[in-house]
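Chemist: this one's structure only:
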């Protein structure tokens with residue numbers, strides 16, 4: 001296992017009381033479940049943060065690892081946490097969704113396909129998540145999938161839940177997602193690196209599409225990112241959509257601070 005927190009996702013923690021089982025709080029993952037949020041950020045936060053319980057004392061709303069929005073990805077729990085997102089804890093289909101699989105929500109409603117940004121980012125999450133658990137082959141879940149060495153399963157909520165659900169309501173364009181996964185697996189450029197604007201006080205982590213603040217050297221080291229920083233012209237980062245299209249003007253290596261020298 002390499003990292004628990006995705007470098008191109010914004011960290012926004014959910015309540016840990018809504019995770020884990022008597023068998024354990026964490027477990028290695030071997031695939032993912034893609035969901036439709038059937039709503040937008042306010043609804044996501046309301047469900048994620050809710051501690052409302054039913055008459056039996058069970059929480060009414062679950063938990064999941066990632067939310068793919070229209071302009072950003074958020075991560076709510078470490079990728080190895082056992083979240084309550086799949087409606088499945090037994091091994092029917094040879095998989096226990098809430099224990100074996102990562103949960104990925106996607107903003108939007110039934111009848112609205114994922115945006116191009118969401119397609120790209122959900123594919124990037126698939127590749128990144130698989131890499132953290134040493135897996136590099138991808139296959140759609142077919143209803144019966146015992147664990148195979150190196151294989152990462154791509155499932156929908158409706159395929160794994162013990163109770164009926166229409167989620168993700170045919171919103172996931174699997175052909176496009178799997179094509180993007182193939183492209184990313186062949187492209188070393190998606191690996192995260194450090195970037196900064198000339199003369200600016202901050203260094204960022206980016207995968208070429210998204211960026212987040214670098215807190216300190218330990219942050220980069222923990223993610224396995226080189227300390228070499230790509231320096232681009234002032235004002236560049238706010239004006240481009242894809243950072244990997246920017247030519248560097250210089251580079252430097254962080255030795256004692258996360259601020260450009």
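Modeler: Right, received. Where do you want to start? None of the values given here were measured: they were computed from a predicted structure.
Chemist: Who does the nearest residue to residue 153 once chain neighbours are set aside form a beta bridge with?
Modeler: Using Cβ to Cβ, 6 or more residues apart in numbering and skipping residues adjacent in sequence, the residue nearest residue 153 is residue 31, 2.8 Å away. Heads up, the C-betas are built off the backbone N, CA and C, glycines and all. Listed by DSSP bridges, the beta-bridge partners for residue 31 are residue 101, residue 153.
Chemist: tell me the contacts of residue 31?
Modeler: Taking Cβ atoms under 8 Å, 6 or more residues apart in numbering, we find residue 31 in contact with 95, 100-102, 141, 145, 151-155.
Chemist: who's in contact with residue 71?
Modeler: When contacts are counted by Cβ under 8 Å, 6+ apart, residue 71 is found next to residue 117.
Chemist: er, residue 248 I mean
Modeler: Counting by Cβ under 8 Å, 6+ apart, residue 248 touches 230-232.
Chemist: Take those and write them to CSV, including neighbour count, pLDDT and distance to residue 118.
Modeler: CSV is the format used below for the contacts of residue 248 (neighbours: other Cβ atoms under 10 Å; pLDDT from 0 to 100; distance: Cβ to Cβ, whole Å):
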residue, neighbour count, pLDDT, distance to residue 118
230, 20, 85, 27
231, 21, 87, 31
232, 19, 83, 26
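Chemist: Could you export the residues you listed to a markdown table, including columns for secondary structure and distance to residue 250?
Modeler: Below are these laid out as a markdown table (DSSP: H, G, I helix; E, B strand; the rest coil; distance: Cβ to Cβ, whole Å):
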| residue | secondary structure | distance to residue 250 |
| --- | --- | --- |
| 230 | strand | 8 |
| 231 | strand | 5 |
| 232 | strand | 9 |
